[in-house]
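# got a structure for you, letters missing:
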């Protein structure tokens, strides 16, 4: 392995850096975008039970917000639960955009690595070929076997660039698809929560209005 790195020359240095960076991003995103960390399966049902039971004190909502992105989205809906439905939906969409931005963290960098890896590999190969032909121009072709070995060493950079790019591209597409799946699930849970708290809010308004009606005063 070390011999291949030496054969590729100095263009192998940025390729190795990209390899380490891509591996770090893939591991970090794989851990961060776990289902249990983003959208726990039972959280939506639990929050709907809280809402139906009236357990919506500020401390409870704050603890929900800190659990996961889904918890943050549901907490945002509960913060404005007494507002009209269209305003609650706007709040959900606004918070959802911020959560998506957080979940897509580092993915642009991973996509850049997937695109730049083959280009850097090709660049390293071109540099190696140029150096080889300069030597041929000065001292002739010489041994054909040595020439073939030199071409093989120059192609090491191209192979390394592909080795870096292919896993990075696959991981990038997979993470994008996983985030899109999470978005659909989170929107579904938010709408179900909205359907739960809307009748409760309407009942509370009706109850408040009925308690506020004063009996008519009869004329003396």
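Arrived safely. Note that the structure is predicted; figures quoted are calculated from it, not measured.

# which residues touch residue 94?
Counting by CB atoms under 8 Å, 6 or more residues apart in numbering, residue 94 makes contact with residue 76. For every residue, glycine as well, the C-beta is placed using N, CA and C.

# Against residue 80, how distant is it?
From residue 94 over to residue 80 the distance is 11 Å, taken as CB to CB, to the nearest Å.

# do residue 128 as well
According to CB to CB, residue 128 and residue 80 sit 62 Å apart.

# More neighbours: which of the two?
Using other CB atoms under 10 Å, the more surrounded residue of residue 128 and residue 80 is residue 128, with 23 against 14.

# How far off centre is the helix or strand where the more buried one lies?
Assigned by DSSP states H and E, residue 128 belongs to helix 107-139. A distance of 30 Å separates the centroid of the chain from that of helix 107-139, by CA atoms, centre = their mean, to the nearest Å.

# Give me the buried positions along that helix.
Across helix 107-139, burial judged by 16 or more other CB atoms under 10 Å covers 107, 110-111, 113-114, 116-118, 120-125, 127-128, 132.

# For the chain, give me the ranges with low pLDDT.
Within the chain, the stretches with pLDDT under 70 are 1-8, 135-150, 152, 199-220.

# residue ranges of the helices in it, please?
2-8, 12-32, 35-38, 43-53, 58-65, 69-79, 85-103, 107-139, 144-154, 156-211 (DSSP state H).

# Point out the most buried one among those.
Using mean count of other CB atoms under 10 Å, the stretch among those with the greatest mean number of neighbours is helix 69-79 (a mean of 22).

# now for it, which elements pack on it?
Applying 3 or more CB pairs under 8 Å, 6 or more residues apart in numbering; DSSP states H and E, one finds that helix 69-79 contacts helix 43-53, helix 58-65, helix 85-103, helix 156-211.

# Quick one: work out the angle between it and helix 12-32.
On the basis of axes from the mean of the first three to the mean of the last three CA atoms, to 10 degrees, helix 69-79 is oriented at 50 degrees to helix 12-32.

# Quick check: the nearest residue to residue 117 once chain neighbours are set aside vs residue 172, distance?
If the residues on either side of it in the chain are set aside, residue 117 comes closest to residue 165, at 3.4 Å by CB to CB, 6 or more residues apart in numbering. Counting by CB to CB, the gap from residue 165 to residue 172 is 10 Å.

# same thing with residue 71?
Distance, residue 71 to residue 172, by CB to CB: 27 Å.

# okay if I get the helices and strands packed on helix 69-79 as CSV plus distance to residue 9?
Output for the helices and strands packed on helix 69-79, formatted as CSV (distance: least, CB to CB, whole Å):
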stretch, distance to residue 9
helix 43-53, 53
helix 58-65, 52
helix 85-103, 39
helix 156-211, 8
